[in-house]
Structures are given as C-alpha cells and as structure tokens.
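Enquirer: The following comprises the amino acid sequence and a computationally predicted model.
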Amino acid sequence: MLWQPPIPESLRRLAPEELADRIERRRSELGSKLLVLGHHYQQDDVIRHADLTGDSLKLSRLAAEEAASRGTRHLVFCGVHFMAETADLLTTDEVEVILPDLSAGCSMADMAQWDDVVEAWESIEAVHRAAAGSDTPPVRVVPITYVNSSAAIKAFVGARGGACCTSSNAERVFAWALAGGAEPLRPGERVQVLFLPDQHLGRNTAKRAGFVTEVDAAREGHRAQTAVWNPRKALGGLDEGTVHEAAVLLWAGHCSVHKLFRPEHVEEIRAAGDGTQVIVHPECGQEVVDLADHVGSTEFIIERIERAEAGSRWAVGTEVHLVSRLAKTAAARGVHVRILSDCQCLCTTMYRIDPPHLLWTLDSIAEDRARNVVRVHPDARGDAVWALDRMLDLAPTPTEPLATGHP
C-alpha cells in the first residue's frame, strides 16, 4: 500500500450535494481533457461522476481507446492501484493517469510480490531441470497473471512468454498457454501453468479446462492435477514430485471480498425453496462455484441480471455496492436481487476513493498541479504491455458471452 497524503479537512466538511456540484463544475471546466473511469465496485456517490464504468477488462479497453479518441490528457481512475497502472500502460505518454487515493490498493495483487515470484520461478525451474531425463518429457512453464496484479508481476509474466487474463477471458488464456503460449510446443514437451495471484480463479478455470483440482481430488479420491504454491513455505509447501507433475500451480492468493461467500450461503438460498438462482464471480472458492447456477465475470453478472425475466429471484455473489445497484434497477422490472451473503462483502480499499478525494484530485488538475500521477517504470513497461496485449488479443468480442452457465 502506498502512502496517501491527507486532503484538506475543508473538503471533508462539505455537504454531499455541494461536493457533487463542485465535482461537476470541475468536470465541465476540464471538458474533453478529462476522462473519469469508475469501477463497478465503487460507491454510488463516486460512480455518478464517472464518464465510463466497467470491470477490469472493459475499463482496460476503454483506457486504451477512449482517451485517444477524446483527446484526453487527464485520466482519473476511480478504482485501485493496479487498474491505474494498467491504464498507464495502455495509454500514450501524453495522458496522465491519476488515482484519487494512493492507498486504494488491492490485497490480492499485494499477495504476489516480485521477489517471491522470482524465487518461486527459479525453484520450479530447478525442480524440472533435476527431473529431466531421457524418459521424462520436458516441461515448459507458462505463467499467467490475473489482471489484478502489479505492473511488476505483469512484466515478469510478459518477459517469460506468459500473458495476463481477466475473469471473462481466463479460459481463452488458459487454452493459449496449454498450447505452448508464445511458441508452439516441441515434440514431447508438456506445459505447466503457473497462475498468479488468485488461486480461486485459477482453480475454477483449471476445472473448466478438464483438470482434476485438489478440491475434487479430496472429494472423489482422484489424483489432483493442481497444487497451491505458498510463497511463505519452502518449495511452496510442496514436495518435488508434486511441483514437477502438477499441470497447474496456483499461487496462494485470493480476493478478500469473494472469499467471504461460503457453500452454506448457497445452501441457505436453496433451503428457502423460492426458486432463487445463484450467480457468482469465479473469484469465489470452487466449493461455492460448484453449487452456483451461473458463474461469470462482473460484466456477465450485470448482463444476466439485466436480461432476467420479471418475477425471477437472484442471489449474487460479488461486491456489495454493485449488488445494491443491480437490486435497485432490477426491482423496477419486478426482478428480486439480493447479495448471496448478509455479511458486508465490500472492497474496503476501493472504498477509500470518495467524493472529497475526487474533488481534491480535480482541483489539482484544474490548477495545473496534478497529484497522484501513476507511472509504470520504463524497465517494466515493455514486458508488461506484451502480457496485456495478449490479454486484449484473447478477449471475447462484444457479441460473445463473458461466461457460460454452470457446467
């Protein structure tokens, strides 16, 4: 987490509507030079000021396309730090990407630190070298990182022929990696995927790709083809045989929001017997995903609720601010939407960006002294952009579904 300097107390004392009015006046004053992006998990009093909203994939596309077409010079990203870094990577040097509160980070992204990932890579490669022999197929490790990761980790992956992914195209990126990634497989060579930093998205994607996960193996007595690499333990907490044989190594990271949804929450919905359908994000644990009726990205969840028939009932396993907005708009169409769990499943770091910080940011831009400009180091830029370009190349087209129903 980066340090955020305190903003003037006078901004915090403003009434909500005065804050909103001053933000809108600044937006009008800055005109096309300003573009405000708002992630779906943002609170309503910030989203109301966003020019464009979306999930990670959509906002990545918009950052790359809209800023150029509008002649934007200041892109204010109401999201978290890795999103601002991604926007900086995908826009030209003429665009300043600004994060209203530098302490708005992502705990999942922070779970994969550069030094730990480098050490893990070297250890994994050493195990494969030691196992190499005339009767042992050579192993190519292809790294994939969820877009919820730092620019440094994106660069690490790009430098090693891997790619970024989002929750909506993880299956495509997985298939690309299993085919060899940046280069076709050589005769007899096999792929091992190293998936960073969200073990749950990686595990759920591996299952869709046909692999036996540790969860399934524990249930059914089969041999697992996935294993979790814990960077806090020697050799990831695994033995050399598991490291060598696993088809997918999953980094021991998770989303602090989606881990709060549990199988018992789904079971409570089922027990009510009112026909409520359960739809969840693939950052949820496999035990939850396996019980859900539908699984998909944030955009998939939004689109599915927007198409829901009147009278239908839905329990949604994702961030509370998004669910609350969906519930409000769906109610007008006679669709009942609730959050899957009654716990406060909110992204606390995203919540740090509020109207006072947004106004403080816009004031600084208007006064030609922009603060909190996010710049990715030049040494990381090239490799990180390579990994992001693979993500965008493998993204679904606007007419394709962002996920399928439950398998």
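Expert: Here it is on my side, so go on. Residues are numbered from 1 along each chain as shown.

Enquirer: quick one: the strands in the stretch 101-250 of the chain?
Expert: Remark: strands assigned in the stretch 101-250 of the chain by DSSP state E, counting those that start in this stretch are 139-146, 163-165, 190-196, 226-229, 248-251.

Enquirer: Which residue, neighbours along the chain excluded, lies closest to residue 163?
Expert: residue 390 (3.5 Å; Cβ to Cβ, 6 or more residues apart in numbering). Placement of C-beta: from N, CA and C, glycine included.

Enquirer: picking up where we left off before, include mean neighbour count and mean pLDDT when you put the strands of the stretch 101-250 of the chain into JSON lines, please.
Expert: Conversion of the strands of the stretch 101-250 of the chain to JSON lines gives the following (neighbours: other Cβ atoms under 10 Å; pLDDT from 0 to 100):
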{"stretch": "strand 139-146", "mean neighbour count": "24", "mean pLDDT": "97"}
{"stretch": "strand 163-165", "mean neighbour count": "30", "mean pLDDT": "96"}
{"stretch": "strand 190-196", "mean neighbour count": "22", "mean pLDDT": "97"}
{"stretch": "strand 226-229", "mean neighbour count": "22", "mean pLDDT": "98"}
{"stretch": "strand 248-251", "mean neighbour count": "26", "mean pLDDT": "98"}
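
Enquirer: got the ones you listed as a markdown table, with distance to residue 289 columns?
Expert: Listed next are the strands of the stretch 101-250 of the chain as a markdown table, based on distance: least, Cβ to Cβ, whole Å:
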| stretch | distance to residue 289 |
| --- | --- |
| strand 139-146 | 16 |
| strand 163-165 | 17 |
| strand 190-196 | 15 |
| strand 226-229 | 14 |
| strand 248-251 | 14 |
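
Enquirer: what residues does the helix or strand of the chain with the lowest mean pLDDT touch?
Expert: None of the helices or strands of the chain scores lower by mean pLDDT, DSSP states H and E than helix 56-70, at a mean of 81. By Cβ atoms under 8 Å, 6 or more residues apart in numbering, the surrounding residues in contact with helix 56-70 are 32, 35, 37, 39, 51-54, 72, 75, 77, 79, 83, 86-87, 90-92, 95, 97, 147-148, 166-169, 297-299, 388, 391-392, 395.

Enquirer: What subset of those residues is buried?
Expert: Buried subset of the contacts of helix 56-70 (neighbour count, 16 or more other Cβ atoms under 10 Å): 35, 37, 39, 51, 53-54, 72, 75, 77, 79, 83, 86-87, 90-91, 95, 97, 147-148, 166-169, 297-299, 388, 391-392, 395.

Enquirer: For the next helix or strand after the least confident helix or strand of the chain, give me every contacting residue.
Expert: Sequence-wise, the next helix or strand downstream of helix 56-70 (DSSP states H and E) is strand 74-78. Strand 74-78 is contacted from outside by 30, 33-39, 42, 46-47, 49-50, 59, 63, 67, 83-84, 87, 91, 95-100, 353, 358, 361-362, 365, 370, 374, using Cβ under 8 Å, 6+ apart.

Enquirer: who does strand 74-78 pair up with?
Expert: strand 34-39 (parallel), strand 96-98 (parallel) (DSSP bridges).
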